[in-house]
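Trainee: The following block contains a protein sequence and its predicted model.
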Amino acid sequence: MLIYCPSVYIKINHNRMNNNTQFEFIIQYLKKEKINIDFEEFKFQIETHPDFPSLLSFSEALNFFRIDNVAAKISKEQIDQLPDNFVALLRTEQQGQFLSYIEKKRKEIILNI
């Protein structure tokens, strides 16, 4: 699931950002959901998409593997309605837009960036 979400930070796990990070967050999500795909083909689908590196390229790569996904702009009040694990496109002044794998545990939201 891909979601555009305004910045909501409770706990943040910082990883070093690199070219593969955005793929890693999607792969983390897929593994957590026990969705098995050919990750090299997934990466190829994203990188060769005419709109890469847009959210559309990720969404259509998931569609290629018949994985349901949605892109929606939500408010922080709607986060409770989301599943326990998802990938979000976030925006900060320091980093601009980036993907993050998000886990909801009890009343805590963990952003892996």
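Mentor: That came through fine. Residues are numbered from 1 along each chain as shown.
Trainee: Tell me how far stretch 35-54 lies from the chain's centre.
Mentor: Put simply, stretch 35-54 sits 13 Å off its chain's centre (CA atoms, centre = their mean, to the nearest Å).
Trainee: Partner strands of the lengthiest strand in the chain, with direction?
Mentor: Longest strand in the chain by number of residues (criterion: DSSP state E): strand 96-105. Sheet pairing here is set by DSSP bridges, and for strand 96-105 it gives strand 85-92 (antiparallel), strand 108-112 (antiparallel).
Trainee: what comes up buried for the longest one?
Mentor: If I follow you right, that is strand 85-92. Asn85, Phe86, Val87, Ala88, Leu89, Leu90 (16 or more other CB atoms under 10 Å). Using the backbone N, CA and C atoms, a C-beta is placed for each residue, glycine as well.
Trainee: closest to Phe64 among these?
Mentor: Val87 (16.3 Å; CB to CB).
Trainee: list the contacts for the closest residue to the closest one other than its chain neighbours?
Mentor: Leaving aside its sequence neighbours, Val87 sits nearest to Tyr29 (CB to CB, 6 or more residues apart in numbering; 5.0 Å). Neighbouring residues of Tyr29 by CB atoms under 8 Å, 6 or more residues apart in numbering: Met1, Asn85, Phe86, Val87, Tyr101.
Trainee: does Tyr29 count as helix, strand or coil?
Mentor: Recorded secondary structure, Tyr29: helix (DSSP: H, G, I helix; E, B strand; the rest coil).
Trainee: the bottom helix or strand of the protein by mean pLDDT?
Mentor: Lowest by mean pLDDT, DSSP states H and E among the helices and strands of the chain is strand 11-13, with a mean of 40.
Trainee: what number of residues lie near Ile35?
Mentor: 12 (other CB atoms under 10 Å).
Trainee: close enough to count as contact, it and Asn69?
Mentor: No: if you go by CB atoms under 8 Å, Ile35 and Asn69 don't touch, sitting 10.9 Å apart.
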